[in-house]
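J.: Okay, predicted coordinates and the sequence, questions at the end:
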Amino acid sequence: VLNAPAFFSFSWAVIRKFLDPRTAAKIKIFSDENKGKAGLFDLVDKDQILSDFDGTGPSFDEVLREEEQGLSMKRRIVELLSMAPKGKKNFKFELSGGETAQFDAYTRSAGGHITIFKGDEMVKELEVKQENKTTHENGNGDDVSSPEPFRNKVVSDLKGPASFKVVVETKMSEGKEQDHFLLVGDVH
């Protein structure tokens, strides 16, 4: 921990006594900036440290710009849809001329159906089906089975200019009052 307040260093002296010595040895607390940087340089090669922290690597801004270029994303569309059993919800979005979009759906739902319309024309239909479940204790001592979270690639080739509508229908998941679908669209 770099640039920790002085009181934390004193607190750490007490806290570390309750930890396994091997675990405590892996944690370093530096209240002094110069000692912290020296400790960081002992652990990490200088070319792997951002120039903002006196390393020889790129600056934080350079890393962000490089990431943005790789994505070439103009904007992101994010919609969280929560539905009752056998529920149905939709949302609309616009793409301008020259824009393209791809959508992923994230859910724990046992199943559902996603349909995308361009105007009144259906352009994509996808059945969402959960295959994997895990068993865990529900807090009452009972073992319950629940779906693993998973991602579905919904569509990767929507093109503007156009108005789109995404319709999501859910099947009831065992033991759930609501199902949730997070739809994330990257617009390029």
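T.: Perfect, thanks for sending it. Numbering: from 1, shown residues only.

J.: For the rest of this, base every contact and every neighbour count on C-alpha atoms.
T.: Fine.

J.: Can you give me the distance of residue 180 to residue 104?
T.: The gap separating residue 180 from residue 104 is 14 Å, by C-alpha to C-alpha, to the nearest Å.

J.: now do residue 24
T.: 41 Å.

J.: Ok, residue 7 next?
T.: For residue 7 relative to residue 104 (C-alpha to C-alpha), the value is 46 Å.

J.: In terms of neighbours, single out the busier of the two.
T.: Neighbour tally, residue 7 and residue 104, criterion other C-alpha atoms under 10 Å: the higher count belongs to residue 104, 16 against 9.

J.: Thought residue 157 was touching the more buried one, still the case?
T.: No. Between residue 104 and residue 157 there is no contact under C-alpha atoms under 8 Å: 11.9 Å.

J.: Please identify which helix or strand holds residue 115.
T.: For residue 115, the host element (DSSP states H and E) is strand 111-118.

J.: Tell me the gap between that strand and the middle of its chain.
T.: 22 Å (C-alpha atoms, centre = their mean, to the nearest Å).

J.: ok, then the element right after it?
T.: Downstream of strand 111-118 (by DSSP H and E), the next one is strand 121-129.
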